[in-house]
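Visitor: Only the shape, not the letters, is given here:
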Ligand SMILES: O=C[C@H](O)[C@H](O)[C@H](O)COP(=O)(O)O
């Protein structure tokens, strides 16, 4: 399935913004003004998120799914600016968004209370032109799939770095796989037999000694399969392993993807 692509002019070109602020500062007697500048990547995330919300928020929507990561921060921000924000509830996909929903003055709900989601917005670690995704770089893949799978429409928001010719090409950390903790040795061996060149039990690094624990009290494996020719088949094979809760391969789920570009434009891919 080939994707339909569009690109729109920037509504607020990044370089123009920089030039305007630079010249204002140099003409001003007050030289030391604190200006919050977004990096190119952050501005791209924000542009994509704002446009995705503006173009897709359904009229009279009551239940909105909001995923996890650094890009959906701007989705929550935009939702919080809507004049009708008291008319809908937002369903988070993890602890991070629960807090952001509250801090943006939005109504917080749960997927147990509201299993029929009108639309879900979420980021991605990698997206191909058929809108297959790798997700889970932030350890939230299970609840993300639960919410996206409950939504009438699933829209991806990302910056230019996430576009890829095929999964496993741009994102080289491996496919995130959520597993029941005591199955990690068995599932690691299974994945290696299936052809993974490297399987890593994700660690908390300097923030935590030992493995990352997901919001569902599970572990994560990152399994490197190189370039993934058939994401749907690979997902089915991994999912069939005893111990696997969910994979970070999202296939046939997203309807549209918004990418913030380096020049301030937003391009889209459609399924
Ligand atoms: O588990 C995390 C999620 O799948 C994120 O949506 C994904 O990692 C993308 O995050 P970001 O928007 O920070 O690139």
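Guide: Arrived safely, thanks for sending. This structure is a prediction, so every number in the text was calculated from the model and none was measured.
Visitor: and stretch 191-200, how far apart are its ends?
Guide: Stretch 191-200 has an end-to-end distance of 11 Å (criterion: Cα to Cα, to the nearest Å).
Visitor: Give the buried residues for it.
Guide: Buried residues in stretch 191-200, counted by 16 or more other Cβ atoms under 10 Å: 191, 196, 199. No exception for glycine: its C-beta is placed from N, CA and C like everyone else's.
Visitor: quick one: which of those is nearest to the ligand?
Guide: The closest of these to the ligand turns out to be residue 199 (Cβ to the nearest ligand atom; 18.2 Å).
Visitor: show me the contacts for residue 216.
Guide: Residues in contact with residue 216 (Cβ atoms under 8 Å, 6 or more residues apart in numbering) are 142, 143, 178, 245.
Visitor: Taking those residues together, which two end up most distant?
Guide: For the contacts of residue 216, the farthest-apart pair by Cβ to Cβ is 143 and 245; their separation is 10.7 Å.
Visitor: what does the protein put close to the ligand?
Guide: Residues of the chain that fall close to the ligand, judged by Cβ under 6 Å from any ligand atom: 67-71, 122-125, 135-141, 144.
Visitor: of the residues you listed, buried ones?
Guide: For those, a burial check counting by 16+ other Cβ under 10 Å picks out 67-69, 71, 122-125, 135-141, 144.
Visitor: Can you tell me which of those is closest to residue 156?
Guide: Residue 156 lies nearest to residue 124 out of those, by Cβ to Cβ, at 5.1 Å.
Visitor: How many residues are close by the closest residue to the closest one other than its chain neighbours?
Guide: Spatial nearest neighbour of residue 124, chain neighbours left out: residue 133 (4.5 Å); criterion: Cβ to Cβ, 6 or more residues apart in numbering. Using other Cβ atoms under 10 Å, residue 133 has 31 other residues around it.
Visitor: 24 is where my numbering starts, stick with that
Guide: OK, 24 is where the count begins now, so the last one is residue 156.
Visitor: which residues sit in contact with residue 156?
Guide: Applying Cβ under 8 Å, 6+ apart, the residues near residue 156 are 147, 148, 149, 150, 179, 190, 271, 272, 273, 274, 276, 277.
Visitor: follow-up on the earlier one: so which of the buried residues of stretch 214-223 are in helices?
Guide: Assignment to helices by DSSP state H places the following of these there: residue 214.
Visitor: what separates the residue lying closest to residue 223 once chain neighbours are set aside from residue 78, distance-wise?
Guide: In space, and not counting its chain neighbours, residue 223 is closest to residue 245: 4.8 Å by Cβ to Cβ, 6+ apart. Residue 245 sits 33 Å away from residue 78, going by Cβ to Cβ, to the nearest Å.
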